[in-house]
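*Asks:* the following block contains a protein sequence and its predicted model.
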Amino acid sequence: MTVVGIDVATAGVRASAVADDGTVVARASAPLPAPVRTAGGRSEQDARAWWPAVESALWQVCAAPEVGTVDAVAVAATSGTIVAVDRHGTPVSPALMYDDRRAARENATAATVGADRWDAMGTAVTPTMALGRIAWLAREYPDAAGVAHTPDVIGTALLGEPVPVDWSHALKSGYDPGVRTWPWEVFDALGVPPSWLPGVVAPTCVLGETPRPVAGLPKGCRVVAGMTDGCAAQIATGAVSPGRFAGILGTTYVLKGVTRHRLVDPAGAVYSHRHPDGWWLAGGASNTGGAGVTGDLRRLDAAAAARGPAGMVAYPLTGTGERFPFSAGDARGFVLGEPSDEVELHRARLEGVAFLERLALETMRSLGATVEGPLLAAGGGSASALWNRIRATVTGLSLQVAEHAETAYGAALLAAAGTAPGGLDHLVARAAARGTVVDPEQAEAEALEASYLRFVGELGRRGWLDRVPMVER
């Protein structure tokens with residue numbers, strides 16, 4: 001069996017063909033036009049460009065001789081991007097991107113009208129939430145038949161008829177996957193007709209079979225409901241069963257994991273998607289990460305590895321404000337103590353991100369999550385052996401560096417899970433949960449523990465952290 005996962009990102013489309021044993025046998029990509037953004041907060045992309053780019057990537061990947069016949073395909077896309085469509089599912093408006101703020105007023109109304117629902121969901125209605133933009137589109141495009149999300153447009157092109165949306169892509173449009181309903185009272189207050197909202201299905205649900213060969217896919221290829229890009233990337237790491245968490249360290253740090261019950265964070269820093277098997281994918285994204293670690297990283301890593309723990313503490317926050325694992329709009333990066341040189345400062349910055357990761361894990365535990373090791377590691381930061389060792393020592397968990405952490409790979413696993421016996425967990429155990437394991441360095445544990453306590457103490461002293469979650473690990 002060969003499956004294909006498609007990642008429709010802001011800048012372009014990526015496709016990966018994956019064999020039965022989890023091996024990637026072909027990859028391809030195609031560009032998309034850059035979004036048009038204005039100073040007033042509007043962010044648009046030509047939705048008519050999505051299918052040609054997907055079609056191009058599919059033709060390329062299916063042409064690889066190692067691919068053979070493709071049995072199933074699934075799509076993952078940027079969360080919160082929507083477009084008005086006609087009754088055939090064809091876009092009739094620009095795509096309003098995930099960061100579009102034009103419906104801030106509508107979202108403020110939605111936050112008030114649906115306050116009880118959002119509290120129960122543990123969801124914060126932000127100015128960029130797609131829910132408000134649905135109301136904006138309904139008002140500005142009254143002749144349209146409804147709204148669609150990016151994968152819905154691709155599914156329609158593949159199957160020749162409109163398709164339902166998966167509950168992952170629908171989350172930022174207001175769908176409540178806990179009780180499996182749209183917030184009808186909110187849409188009624190905003191003047192959105194019920195007919196505008198698509199049907200909703202679980203990820204890995206088979207949406208249909210291609211009625212004809214299309215873009216290199218054979219007739220009868222199954223089209224499977226996917227998940228958002230972040231969720232698909234989590235699936236790709238192997239974090240798919242309760243207790244498994246993935247720390248994704250790129251420009252910023254993101255923590256995602258699986259819980260048996262939905263976590264409700266009063267601070268709104270943690271939110272949850274619904275797992276295809278009914279569990280929950282809890283997570284949050286910080287403003288701290290690789291962007292705050294600069295310089296000749298290879299040289300600095302080599303020098304810092306020989307030094308041992310830093311004698312000072314750094315919080316390498318990028319810009320202003322933190323959003324996870326605590327929410328503080330006025331947060332700023334800081335350095336406690338005077339570094340002896342750039343090497344010590346570099347080491348302190350690596351440790352600071354690891355301290356934030358531990359605080360994120362402790363926050364999850366304090367909300368009721370079980371966190372089991374090893375912690376799966378992905379993102380560009382996981383290429384640093386030193387950083388991985390620091391993270392393992394600070395968190396007290398071994399780190400398993402994910403072999404594949406691409407969104408398209410995760411989408412391929414979702415396609416396979418919709419068509420193969422054994423479920424998603426079985427497939428990931430075979431295909432995704434591989435990679436190098438890094439254990440804590442016990443000789444450095446005491447020094448790093450002292451620096452961690454100093455780090456969280458300073459967050460509290462500055463008024464950004466109300467309490468330090470200290471849960472037995």
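*Replies:* That came through, no problem. Numbers count the residues shown, from 1 in each chain.

*Asks:* so residue 247: helix, strand or coil?
*Replies:* Judged by DSSP: H, G, I helix; E, B strand; the rest coil, the three-state class of residue 247 is strand.

*Asks:* ok, now which ones touch it?
*Replies:* 253-255, 357, 360, 375-379, 391, 399 (CB atoms under 8 Å, 6 or more residues apart in numbering). (C-beta placed from N, C-alpha, C; glycine too.)

*Asks:* residue nearest the centroid of the chain?
*Replies:* Most central in the chain under CA atoms, centre = their mean is residue 230, positioned 1.8 Å from the mean C-alpha point.

*Asks:* just to be sure, it is in a helix?
*Replies:* Yes: checked against three-state DSSP, residue 230 lies within a helix.

*Asks:* that one is in contact with residue 256, isn't it?
*Replies:* Yes: assessed by CB atoms under 8 Å, residue 230 is found in contact with residue 256 at 6.9 Å.

*Asks:* now the common contact residues for the two.
*Replies:* With CB under 8 Å, 6+ apart, residue 230 and residue 256 have common neighbours residue 283.

*Asks:* could you chop this protein up by domain?
*Replies:* 2-229, 239-401+441-461 (automatic domain parsing).

*Asks:* include distance to residue 435 and mean pLDDT when you put these into a markdown table, please.
*Replies:* Shown next, in a markdown table, are these (distance: least, CB to CB, whole Å; pLDDT from 0 to 100):
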| stretch | distance to residue 435 | mean pLDDT |
| --- | --- | --- |
| domain 2-229 | 12 | 96 |
| domain 239-401+441-461 | 4 | 94 |
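
*Asks:* out of these, nearest to residue 418?
*Replies:* domain 2-229 (3.6 Å; CB to CB).

*Asks:* show me how far the closest one is from its chain's centre.
*Replies:* 14 Å (CA atoms, centre = their mean, to the nearest Å).

*Asks:* distance between the ends of it?
*Replies:* In domain 2-229, first residue to last residue: 21 Å (CA to CA, to the nearest Å).

*Asks:* alpha carbons only: can I get stretch 8-23 in PDB?
*Replies:* Output in PDB follows, covering the C-alpha atoms of stretch 8-23 (Å, rounded to 0.1, in the frame of the first residue of the first chain):
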ATOM      1  CA  VAL A   8      -1.100  23.000   1.900                       C
ATOM      2  CA  ALA A   9       1.100  25.700   3.600                       C
ATOM      3  CA  THR A  10       1.000  29.400   3.200                       C
ATOM      4  CA  ALA A  11       4.000  29.500   0.800                       C
ATOM      5  CA  GLY A  12       3.400  26.300  -1.100                       C
ATOM      6  CA  VAL A  13       2.300  22.700  -1.300                       C
ATOM      7  CA  ARG A  14       4.300  19.600  -0.300                       C
ATOM      8  CA  ALA A  15       3.400  16.100  -1.000                       C
ATOM      9  CA  SER A  16       5.000  12.900   0.400                       C
ATOM     10  CA  ALA A  17       4.400   9.300  -0.800                       C
ATOM     11  CA  VAL A  18       4.800   6.800   2.000                       C
ATOM     12  CA  ALA A  19       5.100   3.000   1.600                       C
ATOM     13  CA  ASP A  20       3.700   0.300   3.900                       C
ATOM     14  CA  ASP A  21       6.700   0.200   6.200                       C
ATOM     15  CA  GLY A  22       6.700   4.000   6.700                       C
ATOM     16  CA  THR A  23       9.400   4.800   4.300                       C
END
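
*Asks:* what residues of that stretch count as buried?
*Replies:* 8-10, 13-19, 22 (16 or more other CB atoms under 10 Å).

*Asks:* now do stretch 205-225
*Replies:* 207, 210, 214-217, 221-225.

*Asks:* out of the residues you listed, flag the one nearest to residue 187.
*Replies:* In terms of CB to CB, no member of the buried residues of stretch 205-225 lies closer to residue 187 than residue 225, at 22.2 Å.

*Asks:* farthest-apart pair in the buried residues of stretch 205-225, please.
*Replies:* Distance extremes for these: the farthest pair is 216 and 225 at 20.9 Å, using CB to CB.

*Asks:* hang on, isn't residue 468 packed against residue 460?
*Replies:* Yes: counting by CB under 8 Å, residue 468 does reach residue 460; the two are 6.5 Å apart.

*Asks:* neighbour count winner among the two?
*Replies:* More neighbours surround residue 468 than the other of residue 468 and residue 460, with 16 against 13 (other CB atoms under 10 Å).

*Asks:* show me the contacts for the more buried one.
*Replies:* 359, 362, 456-457, 460.

*Asks:* any chance of those residues in CSV, plus secondary structure and distance to residue 180?
*Replies:* Compiled in CSV, the contacts of residue 468 are given as follows (DSSP: H, G, I helix; E, B strand; the rest coil; distance: CB to CB, whole Å):
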residue, secondary structure, distance to residue 180
359, helix, 33
362, helix, 32
456, helix, 38
457, helix, 43
460, helix, 40
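
*Asks:* report the buried members of these.
*Replies:* Using 16+ other CB under 10 Å, the buried ones in the contacts of residue 468 are 359, 362, 456.

*Asks:* verify the stated contact: the last one with residue 355.
*Replies:* Same thing as residue 456. Yes: contact criterion CB under 8 Å: residue 456 and residue 355 qualify, at 7.3 Å.

*Asks:* which of the buried residues of stretch 205-225 sits closest to residue 182?
*Replies:* residue 225 (16.8 Å).

*Asks:* now for the closest residue to that closest one other than its chain neighbours: which residues touch it?
*Replies:* Distances taken as CB to CB, 6 or more residues apart in numbering put residue 166 closest to residue 225, at 4.0 Å, once the chain neighbours are dropped. Residues near residue 166 by CB under 8 Å, 6+ apart: 151, 200-203, 205, 225-227.

*Asks:* can you pull out the helices in the stretch 351-473 of the chain?
*Replies:* 385-395, 407-417, 423-431, 442-461 (DSSP state H, counting those that start in this stretch).

*Asks:* for the stretch 151-300 of the chain, that is, sorry about that
*Replies:* With DSSP H, counting those that start in this stretch as the criterion, the stretch 151-300 of the chain has helices at 184-190, 229-237, 297-305.

*Asks:* alright, I will stop here.
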